[in-house]
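K.L.:
test case, fold it:
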Amino acid sequence: MNINPTLMNISMYIMVFLYGIVIGSFLNVVICRIPRGESLVKNRSHCEECGYQLKWYDLVPVFSYIFLRGKCRKCKAVISIQHPLIEGLNGVLYIIIFAKFGLSIETLLFCLLGSALIAMSVIDFRTYEIPPGFPYFITGLGIVRLLTDLADWKEYVIGFFAVSLVLALIYWFSAGRAMGGGDVKLMAACGLLTGWKQNVLALILGCILGSIIHIIRMKLSGEGRELAMGPYLAAGVMIALLWGQPFIDWYMGLYGL
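P.N.:
You can find the predicted model right below:
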């Protein structure tokens, strides 16, 4: 029996999306519990207002929120819109990554990277702190990338130091006022995974995004000068990873590299 290639492609994208929103549901647990120092596995999911322990049918990503109309089944307290947004964002991100890299080890690594950056960004935005587990996790992904692409090992090793050393000097000379230590570790880990060219571009994009968006926030909502740089660096990493290669090729071509 012949299988329609188009139908098969659609089925693959649906599966990738479903996998993404399931992981996105776990990201919500990470976002809520890590800042509180709570276990990610020991405690069952529950309503923050009444303590109602959620059943499996209350935990279906995105769809449970829609079915319950954004309210707790028992006490009718409003459920944060964060939950379906994070789940949906992670699902869409997985589709974009899969569309670019296909069925490959890169897709798996970059999907996990994207998920880690989403959770880290929300936590950093709220607490101005990047939990150390995120850079360590991304470093682990980078080691896998290095071992599965040994022919280009220099790209990844240089990537680990190219941006992080510059940020470390800024951190040291400013005594931590201009740059957080978590940002240094984050960019070292991302550089090991993406390579130095994309990591340098990620830093540039992150700085541009951070400058523009934070100035707008300062004007509109009275935000102070202090900003969490992690979310902007994370956005820069994903943009460089997904769409930055043509720009890198063009720029390197100007110098015959």
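K.L.:
by contact count, what packs against whichever strand or helix holds Ala116?
P.N.:
Under the criterion of DSSP states H and E, Ala116 resides in helix 105-127. On a contact count with 3 or more Cβ pairs under 8 Å, 6 or more residues apart in numbering; DSSP states H and E, helix 105-127 meets helix 5-33, helix 82-101, helix 133-148, helix 181-194, helix 230-243. For the C-beta atoms, the positions are set from N, CA and C on the backbone; glycine is no exception.
K.L.:
quick one, which of these is packed in tightest?
P.N.:
Ranked by mean neighbour count, the helices and strands packed on helix 105-127 are led by helix 181-194 with a mean of 26 (mean count of other Cβ atoms under 10 Å).
K.L.:
and the gap between Ile79 and Ile118?
P.N.:
Applying Cβ to Cβ, to the nearest Å, the value for Ile79 to Ile118 is 19 Å.
K.L.:
which ones are touching Arg145?
P.N.:
Ile105, Glu106, Leu109, Tyr156, Leu192, Leu193 (Cβ atoms under 8 Å, 6 or more residues apart in numbering).
K.L.:
could you identify the most distant pair in those residues?
P.N.:
Using Cβ to Cβ, those span at most 15.1 Å, a distance reached by Ile105 and Leu192.
K.L.:
run through the residues that contact the residue nearest to the spatial centre of the chain.
P.N.:
By Cα atoms, centre = their mean, the chain has its centre lying nearest to Leu117, at 2.0 Å. For Leu117, the contacting residues are Phe134, Ala234, Val237, Met238, by Cβ under 8 Å, 6+ apart.
K.L.:
what's the pLDDT at the second one?
P.N.:
Looking at Ala234, its pLDDT stands at 97.
K.L.:
over to the one 5 residues further on?
P.N.:
At Ile239, the pLDDT value in this model is 97.
K.L.:
can you check Ala175 too?
P.N.:
pLDDT for Ala175: 85.
K.L.:
can you offset everything so residue one is 55?
P.N.:
Yep, numbering from 55; the last one is Ala229 now.
K.L.:
wait, is it part of a strand?
P.N.:
No - counting by DSSP: H, G, I helix; E, B strand; the rest coil, Ala229 is not part of a strand but coil.
K.L.:
if I look at it, how far off is Pro185?
P.N.:
22 Å.
K.L.:
neighbour-wise, which of the two wins?
P.N.:
A direct count of neighbours by other Cβ atoms under 10 Å for Ala229 and Pro185 places Pro185 higher, at 17 against 7.
K.L.:
now do the contacts for the more buried one.
P.N.:
Going by Cβ under 8 Å, 6+ apart, Pro185 touches Ile88, Pro89, Met174, Ile177, Gly236.
K.L.:
which of these tops the neighbour count?
P.N.:
Compared across the contacts of Pro185, Met174 has the highest neighbour count, 27 neighbours, by other Cβ under 10 Å.
K.L.:
tell me the contacts of the closest residue to that one other than its chain neighbours?
P.N.:
Nearest non-adjacent residue to Met174, counting by Cβ to Cβ, 6 or more residues apart in numbering: Phe188, 4.3 Å away. Shown in contact with Phe188 (Cβ under 8 Å, 6+ apart): Ala170, Leu171, Ala173, Met174, Leu240.
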